[in-house]
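K.L.:
Provided below for reference: sequence and predicted model.
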Amino acid sequence: AEKVRQQKYDLESNEVKQYLQLDKLTDALFYTASEVFNYKFTPVPEGTVPVFHEDVKVWEVTDNDSGKHIGLWYLDPYARTGKRSGAWASQYRSHSEMEGDKETVLASNNSNFVKPAPGEPALISWDDATTFFHEFGHA
């Protein structure tokens, strides 16, 4: 695939990677969800919601117009010992309107990106960026 990319487009994946920072890709996910679903993502202060690892970050998801609480979205982006490989979405609690009010949705996206050095951005390959958006769609 890399040879075809180079031959057809004169492009190397590593050249693109410098423009695909995890923080910027996450912002792009939020922008897309805002445009398509009218969702707003607000970071939850560390320590206010329990997480199973210090690398996991949490955002509250609300409706852009009404401010109504929809759920929490967890991001577990980095590889570590004991974590399964690949990328996936999980729902700890899904959307339900059975009787009464909706329950808070609890969804997560999990990846195995290389954790950068402190102060450095996490750089993501084009294929991993595509997978990141794909898995976000499941969440």
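P.N.:
Cool, got the structure.
K.L.:
contacts, neighbours, all on C-alpha from now
P.N.:
Will do.
K.L.:
what comes up buried for the helix ranked longest in the chain?
P.N.:
Among the segments of the chain that qualify as a helix by DSSP state H, the longest is helix 22-37. Buried residues in helix 22-37, defined by neighbour count with 16 or more other C-alpha atoms under 10 Å: 22, 25-26, 29-31, 33-34.
K.L.:
now swap in stretch 115-124 and tell me
P.N.:
Buried residues in stretch 115-124, defined by neighbour count with 16+ other C-alpha under 10 Å: 122-124.
K.L.:
for stretch 63-72, same thing?
P.N.:
63, 69-72.
K.L.:
cool, and stretch 87-96?
P.N.:
Buried, per 16+ other C-alpha under 10 Å, within stretch 87-96: 87-90.
K.L.:
averaged pLDDT, that stretch. What do you get?
P.N.:
Mean per-residue pLDDT for stretch 87-96: 86.
K.L.:
all helices for this structure, in order.
P.N.:
Going by DSSP H, the chain shows helices at 2-9, 13-17, 22-37, 126-138.
K.L.:
wait, which of the ones you listed is closest to residue 53?
P.N.:
helix 22-37 (18.1 Å; C-alpha to C-alpha).
K.L.:
give me the angle between the closest one and helix 126-138.
P.N.:
Angle of helix 22-37 versus helix 126-138, following axes from the mean of the first three to the mean of the last three C-alpha atoms, to 10 degrees, is 40 degrees.
K.L.:
contacts for helix 22-37, please.
P.N.:
Applying C-alpha atoms under 8 Å, 6 or more residues apart in numbering, the contact partners of helix 22-37 are 39-41, 64, 121-124, 129, 133, 136.
K.L.:
which two in those residues are spaced the farthest apart?
P.N.:
Checking the contacts of helix 22-37 with C-alpha to C-alpha, the most distant pair is 64 and 123, at 29.4 Å.
K.L.:
picking that back up, give the rounded mean pLDDT of the longest helix of the chain.
P.N.:
For helix 22-37, mean pLDDT rounds to 97.
K.L.:
next one: stretch 74-83
P.N.:
Mean predicted lDDT for stretch 74-83 stands at 97.
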